[in-house]
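Visitor: For reference, the sequence and a predicted model appear below.
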Amino acid sequence: MESPRVTADIVEATEFPELARRYNVYAVPKIVINDTHEFVGALPEPHFITALARAVTGDGAGSAEETAEGAAEVEATPLDSGLGDDDV
């Protein structure tokens with residue numbers, strides 16, 4: 001899926017430790033959407049699309065959980081960077 005309305009940046013956490021701290025990166029991959037939602041780990045594409053749609057529409061307010069059978073109820077977790085506006 002490709003769209004000119006969607007952009008992405010890939011950051012090497014070891015080369016940019018300040019960004020890793022800002023977004024609490026402790027595992028990869030970590031996806032942060034619009035500085036408001038995040039999820040960690042590799043998701044199958046359909047689950048990734050669902051999590052992305054929920055985050056963008058504001059419906060994502062939980063965690064990504066996948067059952068042993070592979071069925072998933074995936075929601076992006078609201079991002080709490082722990083920083084105030086003066087720290088950014």
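Guide: That came through fine.

Visitor: Now residue 18: phi and psi?
Guide: Note on residue 18: its backbone torsions stand at phi -70, psi -40 [degrees, to the nearest 10].

Visitor: where do the helices sit along the chain?
Guide: Along the chain, counting by DSSP state H, helices occupy 17-22, 45-57.

Visitor: Output the first one as CSV, nothing but the C-alphas.
Guide: Taking only C-alpha atoms (Å, rounded to 0.1, in the frame of the first residue of the first chain), the coordinates of helix 17-22 have been written out as CSV:
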residue,chain,number,x,y,z
PRO,A,17,19.9,7.9,21.6
GLU,A,18,18.0,11.1,22.4
LEU,A,19,15.2,10.0,20.1
ALA,A,20,15.3,6.5,21.6
ARG,A,21,14.9,8.1,25.1
ARG,A,22,12.1,10.4,23.9
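
Visitor: quick one: average pLDDT of it?
Guide: Mean pLDDT, computed over helix 17-22, is 94.

Visitor: got it, and stretch 42-54?
Guide: On average, stretch 42-54 scores 86.

Visitor: Buried ones in that stretch, by neighbour count?
Guide: 43, 47-48, 50-52, 54 (16 or more other CB atoms under 10 Å). (Each C-beta comes from the backbone N, C-alpha and C, glycine too.)

Visitor: Residue 52 against residue 32, yeah?
Guide: No - applying CB atoms under 8 Å as the test, residue 52 and residue 32 come out as separate, 11.5 Å apart.

Visitor: and which of the buried residues of stretch 42-54 is nearest to residue 8?
Guide: residue 52 (10.9 Å; CB to CB).

Visitor: Without its sequence neighbours, what residue ends up closest to that closest one?
Guide: residue 33 (6.6 Å; CB to CB, 6 or more residues apart in numbering).
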